[in-house]
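>>> A structural model of the following input is requested.
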Amino acid sequence: MIETLDALIAQQNEEGHDLTILRKVEHLWDARLQEALEAWLNRGTIGATSLRKLLDVLLDHGSQLARSRAEAVLDTPPSGAGDPGDYRFHAGMALLLHTPDAGWASVWPTMQRDLDHGRRLAEVLSYREDRHGGTVASRLSEEQLAALYEWLVEQYPPEEDPEPNRRAIATEVNIPQQYRVLA
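Just a heads-up that it's a prediction; the model follows:
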């Protein structure tokens with residue numbers, strides 16, 4: 001089974017697909033499966049989206065190797081070569097959504113250092129949080145939540161919020177404003 005899984009991951013990764021095979025075999029979880037998936041973390045050929053799906057599944061199962069890899073990717077400085085921003089973004093999202101502490105010790109300093117990266121994470125989270133029950137905010141301490149709120153107010157000043165438009169559809173709501181409410 002491991003060889004077949006490896007071939008399917010390679011195929012889906014090469015085609016730029018979402019590694020849907022991972023959720024289909026998750027019910028078969030054991031040490032061999034985890035080891036096989038963790039081996040993919042060290043391959044230089046995995047795409048950013050594939051890395052995210054791999055990290056999601058491994059982090060859901062408590063893989064410390066996956067956490068270390070996500071933290072290392074997140075700590076990679078932005079540069080123009082190979083669009084590491086996508087890798088950093090996906091590593092940050094995986095930590096935020098699939099670790100008990102939201103990966104806060106790694107994600108938060110990165111958000112503060114790289115404002116574009118931090119804003120991208122916050123904007124995507126504000127959309128997800130509203131629809132998924134505040135999963136990240138519920139895993140932060142009061143102090144962490146306060147720091148996030150202050151950062152959000154600096155990045156998205158309330159006085160710059162657009163006026164509500166009665167014709168706006170649900171997807172056009174002010175996402176940063178939604179997240180400030182959650183924080």
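
>>> so which elements touch the lengthiest helix in the chain?
Counting residues, the longest helix in the chain under DSSP state H turns out to be helix 115-131. Under the contact criterion of 3 or more C-beta pairs under 8 Å, 6 or more residues apart in numbering; DSSP states H and E, helix 115-131 touches helix 84-98, helix 104-113, helix 142-155, helix 175-182. In short, each C-beta sits where N, CA and C put it, glycine included.

>>> looking at the ones you listed, which is buried most?
Ranked by mean neighbour count under mean count of other C-beta atoms under 10 Å, these are led by helix 84-98, which reaches a mean of 23.

>>> quick one: average confidence on that one?
Mean per-residue pLDDT for helix 84-98: 88.

>>> that one: how far from the chain's middle?
4 Å (C-alpha atoms, centre = their mean, to the nearest Å).

>>> CA atoms only: put that helix into CSV for me.
Output of helix 84-98 as CSV, limited to C-alpha atoms (Å, rounded to 0.1, in the frame of the first residue of the first chain):
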residue,chain,number,x,y,z
PRO,A,84,8.7,30.9,-1.1
GLY,A,85,5.9,33.1,0.0
ASP,A,86,3.4,30.4,-1.0
TYR,A,87,5.3,27.8,1.0
ARG,A,88,5.5,30.2,4.0
PHE,A,89,1.8,31.0,3.7
HIS,A,90,0.8,27.3,3.6
ALA,A,91,3.1,26.4,6.4
GLY,A,92,1.6,29.2,8.5
MET,A,93,-1.9,28.2,7.7
ALA,A,94,-1.2,24.5,8.6
LEU,A,95,0.3,25.5,12.0
LEU,A,96,-2.6,27.9,12.7
LEU,A,97,-5.3,25.5,11.8
HIS,A,98,-3.8,22.1,12.8
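
>>> what number of residues lie near Leu65?
15 (other C-beta atoms under 10 Å).

>>> average pLDDT for the helix or strand that contains it?
Using DSSP states H and E, Leu65 sits within helix 64-74. For helix 64-74, mean pLDDT rounds to 95.

>>> what's that helix packed up against?
Using 3+ C-beta pairs under 8 Å, 6+ apart: helix 64-74 touches helix 48-60, helix 84-98, helix 104-113.

>>> including distance to Gln11, could these go into JSON lines?
JSON lines is the format used below for the helices and strands packed on helix 64-74 (distance: least, C-beta to C-beta, whole Å):
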{"stretch": "helix 48-60", "distance to Gln11": "11"}
{"stretch": "helix 84-98", "distance to Gln11": "20"}
{"stretch": "helix 104-113", "distance to Gln11": "31"}
